[in-house]
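Asker: give the three-dimensional model of this entry:
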Amino acid sequence: MTTTSPGYIWKLRQVMADRELWKTSELGPLLAERGVVLSTAQVYRLVAQAPQRLSLTTLAALCDIFSCTPNDLIEVTAAGGGDGSEQKVTTKKRPRRARVDPQ
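Answerer: Next comes the predicted model:
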């Protein structure tokens, strides 16, 4: 039996595009207004890469900025490598035992 671990897809870039926010440099000041001060490099990484750790304060600020829920930013997948990339779920199927009815 193959074991699976939870994975996720980080959708911040898509949420930003849906709200017509195209530049990561525009996100930094919006976060700062909500008390989340990040460097330009940190904001870029937050948008461009799936974060392995994310504070709830930052998540709440993103939800406030985009009027969305965490479900809009994070899609949980059945299996993943823990790096935010989606992987296909593979399971080994066992053959079913044949059932013979006597007549």
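Asker: what ranges does the chain have for its strands?
Answerer: Per DSSP state E, the chain carries strands over the ranges 7-10, 74-77.
Asker: buried set for the last one?
Answerer: When burial is assessed from 16 or more other CB atoms under 10 Å, strand 74-77 yields the following buried residues: 74, 77. The way it works is simple: take the backbone N, C-alpha and C, and place the C-beta from them, glycine included.
Asker: burial measure for the closest residue to residue 34 other than its chain neighbours, as a count.
Answerer: Using CB to CB, 6 or more residues apart in numbering and skipping the chain neighbours, the partner closest in space to residue 34 is residue 61 (4.0 Å). Residue 61 has 20 neighbouring residues, counting by other CB atoms under 10 Å.
Asker: the one 10 residues further on now?
Answerer: Taking other CB under 10 Å as the criterion, the count of residues near residue 71 is 10.
Asker: quick one: the residue lying closest to residue 22 once chain neighbours are set aside from residue 45, how far?
Answerer: Using CB to CB, 6+ apart and skipping the chain neighbours, the partner closest in space to residue 22 is residue 16 (7.2 Å). When distance is defined by CB to CB, to the nearest Å, residue 16 is 14 Å away from residue 45.
Asker: equivalent analysis for residue 102, please.
Answerer: 67 Å.
Asker: same thing with residue 65?
Answerer: 17 Å.
Asker: and these two? Which one has more around it.
Answerer: Counted by other CB under 10 Å, residue 65 and residue 45 do not tie: residue 65 has more neighbours, with 18 against 14.
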